[in-house]
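Novice: have a look at this prediction, sequence included:
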2 protein chains.
Amino acid sequence: MRKLISLGEALAILLRTARNFTVGVERVDFDASLGRVLAEDIRSPSDIPPFDRAAMDGFAVRGEDTFGASPENPVVLRKAGTAGGKEGEGRKEESSEESVSVQAGEYLPIQTGMRMPAGSNAVLMLEYARERSKGELEVFKPVPPGKNVSFKGEDIREGELLLKSGKILNAYDIGVLASISKTSVKVRKRVKVGIIATGDEIFDPKTQAKVEGKIADSNSFVLSALLSSAAEIAEPIRFGIVKDDLGEIKDAVSHALRRCDVLLLTGGSSVGERDFSEAVVKELGGEILFHGVAIRPGEPVGFGIVCEKPVFLLPGFPVATISAFELLVRPFLWEMLGVSYSSDSQTAEQTKRAWLHGRCVVTAVAARKIPSAVGRTDFVRVKLRKTEEGFFAAEPVRVSGSGILSSMTKSDGFVVVEDEKEGIAKGERVLVCLHSF
Amino acid sequence: MRKLISLGEALAILLRTARNFTVGVERVDFDASLGRVLAEDIRSPSDIPPFDRAAMDGFAVRGEDTFGASPENPVVLRKAGTAGGKEGEGRKEESSEESVSVQAGEYLPIQTGMRMPAGSNAVLMLEYARERSKGELEVFKPVPPGKNVSFKGEDIREGELLLKSGKILNAYDIGVLASISKTSVKVRKRVKVGIIATGDEIFDPKTQAKVEGKIADSNSFVLSALLSSAAEIAEPIRFGIVKDDLGEIKDAVSHALRRCDVLLLTGGSSVGERDFSEAVVKELGGEILFHGVAIRPGEPVGFGIVCEKPVFLLPGFPVATISAFELLVRPFLWEMLGVSYSSDSQTAEQTKRAWLHGRCVVTAVAARKIPSAVGRTDFVRVKLRKTEEGFFAAEPVRVSGSGILSSMTKSDGFVVVEDEKEGIAKGERVLVCLHSF
């Protein structure tokens, strides 16, 4: 049997290699950048809000003018811009927002979001005052200066770093870009990931009717969907199914490599005589960087460079392919895209591998013992249930082989048992990486 | 001030109303159904695998024939279908997989995924045997019957419920559909959600240059992105910005309601005099079902039915709009789509509201006291950091108003402080709903 390397050694090779395959940059409209990897630092061109504005509907006043006001002893203020409070001065009132300032003893009606008139420093809420018809306001409650005002630069200050290069843009980031009128942004191009499924025993359920004695290919569809659901980082391209024939696989690989940035070859990566994938890499003048990693399932996974492009050799069994994808392919793609890690999370290696690679992680306690072996990393499917204390308990999904795709759909997520651990004890705390949706 | 209803009362009204607006069904290709809500039960048409097959490359044997084998005393087996083990019978060997059975004392080479020959019941691994040139196999280790075989129906049994109606389809579900050759599936149509932003003080950064003294609209872009990132459940349609004018808003609402299933009206839903949204609903012959909910931020949120379509009146401040969206709009949409809840999670009301509504939830401890008031539900943005014990600590992001959009981008998720709670104590356990990506 071939010698296996550890997951850590494999990741070290992958992350080092990924740096030679940094993905290019393109410019897109800000409202089309959701889920993309930002490729520039975004700083604020100005203060936001750009001026002091009302945070409530009410009356712009000088807070100090209202001190001592009560329902019994209301303070009376005079409408600003009206000489003594005469009504009907439409023209002046219209333009009051821009030009009229609030002097001592004066007020102006104001609505949420509007600029505070010069001289005013607080908004008195509607219910604490009553406007008299002749341009006078009875104030029943004092309002301290600064109350109900959103100050200039309170949300964002000019020049402040808003979004860091390498961030995957979420809905709120789109909002920030809108709020600074940043109409287009630089993002990483999406990685074109080719997928070829190999095997005499499989057929394509998308294009072929059921074939007696053969198995429908599911791997290429799962890989394509995993690439589509992890933000907008990749563009999967399925190249269909190729028979277990060295020449045909070689042709398919050459063809695919002309159209994609990274290639995933599934199904031919077992230890048997039909394992053409390594032979294909060599015949095309490529180099194998590793073949065989101590992970379960997914052990036969390999990785090489062919025609100056990264090629993953993934095992044929469905869950083995998924395990190898999550533990090795996803971190590689993230590194190619230069996704940044937040500093706090960098301390936790497992969190970095999992959650930050596009997954959410839940803390749970193991509902049962999860056996593993030192020197091997296990990819364990678990179902979550709520415990009485409000925690989650993680129950491993019973399986009897790595072909069991239904173990994925029955599970809520997976636990990675790292190679220095001899299994997980019942009641031990684990991090569960949740499936998308 | 208007009377506020509790979040629970508002949700009860919403969920009851949503049942009258169940979304229609359409049929899509299985590989285009990622993130859609399944609208039929999927059962397996047959056993998977459809036959017993090899789970390893090696030799198909009858396990009992190998008992007692050792390197010192190898058991010798004869190749099936060869009369006494003569070589070169190419024709017979080619067809052996289909027609030749393994009798007592016989073996056949076999590769992973292939059908087990009749009579065989185990796969002997390559390294435990050596094939002699004359069609004989020396076996060095016994293999128990059943070893290294994937049995018929082991993954999925005929008629078994694979995917339940109401499930949001993930990557593995796509794989299951592929594996049973289910080429198309019934899913809920995507909800067309119209978005209108109102306000004299805002301009559209997508179509207008910066306007001095005005604020760029971000709400309609955030809402659109939130609707896009929560699986494939909605199709947001932005109808641009409308001035604070009753007639203009009325026209815009009538126009939008002809093109969408649900309408979100943002910006006009404050308590002040410019609050045209409720007036618009009434002038169009609609009905307000509630206006004002005890949530913070987002209190002015309202909901009504206009032209027989659901309309949400969302507050103008960015975080208030987001809070009202997450706490009220998202659960409403989920109910319209008939998304099913897993039975275990139904016990935890908060988990149901959050995680199951398209979000991932992390358990964390509060790093600081989070003040709240009984009778009010708080939407608190938090940043997560790892504690020394491997837990997450949730640190509330300091804010001074609901306009602070940057509090969303600086945070990792939000905590919902339910209305019966008088805040959260430092060190108390909380569930953090993570932002997407």
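Specialist: Arrived safely.

Novice: from here on, just use CA atoms for contacts and neighbour counts.
Specialist: Fine.

Novice: mind listing the helices for the stretch 201-350 of chain A?
Specialist: For the stretch 201-350 of chain A, applying DSSP state H, counting those that start in this stretch gives helices covering A:219-229, A:246-259, A:277-283, A:318-324, A:330-336, A:349-353.

Novice: ah, wrong one, I meant the stretch 1-150 of chain A
Specialist: A:7-18, A:90-94, A:96-99.

Novice: worst average pLDDT in the ones you listed?
Specialist: Mean pLDDT is lowest for helix A:90-94 out of the helices of the stretch 1-150 of chain A, coming in at a mean of 41.

Novice: which residue comes closest to A:Thr66 once chain neighbours are left out?
Specialist: Closest residue to A:Thr66 apart from its sequence neighbours, by CA to CA, 6 or more residues apart in numbering or on different chains: A:Pro142 at 4.6 Å.

Novice: list the residues that contact that neighbour.
Specialist: The contact partners of A:Pro142, taken as CA atoms under 8 Å, 6 or more residues apart in numbering or on different chains, are A:63, A:66-70.

Novice: do the same with A:Glu232
Specialist: Counting by CA under 8 Å, 6+ apart, A:Glu232 touches A:34-37, A:190.

Novice: residue of the stretch 251-400 of chain A nearest chain B, please.
Specialist: Closest residue of the stretch 251-400 of chain A to chain B, CA to the nearest CA: A:Val362 (4.8 Å).

Novice: quick one: that residue is in a helix?
Specialist: No. With DSSP: H, G, I helix; E, B strand; the rest coil as the criterion, A:Val362 is assigned strand and is not in a helix.

Novice: so it bridges to which residues?
Specialist: A:Val432 (DSSP bridges).

Novice: isn't it right next to B:Thr363, touching?
Specialist: Yes. Counting by CA atoms under 8 Å, B:Thr363 is a contact partner of A:Val362 at 6.6 Å.

Novice: compare the two (neighbour count), which wins?
Specialist: Here A:Val362 and B:Thr363 are compared on neighbour count by other CA atoms under 10 Å in any protein chain shown; more neighbours surround A:Val362, at 25 against 21.

Novice: touching, A:Glu136 and A:Lys79? I think so.
Specialist: Yes. Between A:Glu136 and A:Lys79 there is a contact at 5.9 Å, judged by CA under 8 Å.

Novice: neighbour-wise, which of the two wins?
Specialist: The residue with more neighbours, out of A:Glu136 and A:Lys79, is A:Lys79; 26 against 19, by other CA under 10 Å.

Novice: among the contacts of A:Glu232, name the ones that also lie close to chain B.
Specialist: A:34-35 (CA under 8 Å from any CA of the partner chain).

Novice: most surrounded residue in the contacts of A:Glu232?
Specialist: Busiest of those [other CA under 10 Å] is A:Val37, holding 27 neighbours.

Novice: quick check: that residue vs A:Val25, distance?
Specialist: 10 Å (CA to CA, to the nearest Å).

Novice: which residues are in contact with both of the two?
Specialist: Common contacts of A:Val37 and A:Val25 (CA under 8 Å, 6+ apart): A:187-188.

Novice: tally of neighbours for the residue lying closest to A:Phe59 once chain neighbours are set aside?
Specialist: In space, and not counting its chain neighbours, A:Phe59 is closest to A:Pro109: 4.3 Å by CA to CA, 6+ apart. Using other CA under 10 Å, A:Pro109 has 19 neighbouring residues.

Novice: cool, the one 3 residues further on as well?
Specialist: Per other CA under 10 Å, the neighbour tally for A:Thr112 reads 26.

Novice: which residues in the stretch 1-150 of chain A form strands?
Specialist: With strands called from DSSP state E, counting those that start in this stretch, the stretch 1-150 of chain A shows them at A:25-29, A:42-43, A:53-54, A:58-61, A:75-79, A:106-110, A:122-125, A:129-132, A:136-139, A:149-150.

Novice: any chance of CSV for those, columns mean pLDDT?
Specialist: Shown next, in CSV, are those (pLDDT from 0 to 100):
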stretch, mean pLDDT
strand A:25-29, 98
strand A:42-43, 94
strand A:53-54, 88
strand A:58-61, 94
strand A:75-79, 95
strand A:106-110, 94
strand A:122-125, 95
strand A:129-132, 90
strand A:136-139, 95
strand A:149-150, 89
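
Novice: mind checking which of those strands is nearest A:Arg238?
Specialist: strand A:25-29 (23.8 Å; CA to CA).

Novice: buried set for that closest one?
Specialist: By 16 or more other CA atoms under 10 Å in any protein chain shown, the buried positions in strand A:25-29 come out as A:25, A:28.

Novice: what pairs with it, and is each one parallel or antiparallel?
Specialist: Applying DSSP bridges, strand A:25-29 is found paired with strand A:184-188 (antiparallel).

Novice: using CSV, write down the CA coordinates of the strand it pairs with.
Specialist: Only the C-alpha atoms of strand A:184-188 are listed here, as CSV (Å, rounded to 0.1, in the frame of the first residue of the first chain):
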residue,chain,number,x,y,z
SER,A,184,-18.3,49.3,-8.4
VAL,A,185,-15.8,47.3,-6.6
LYS,A,186,-12.8,45.1,-7.3
VAL,A,187,-13.4,41.4,-6.5
ARG,A,188,-11.6,38.2,-7.2
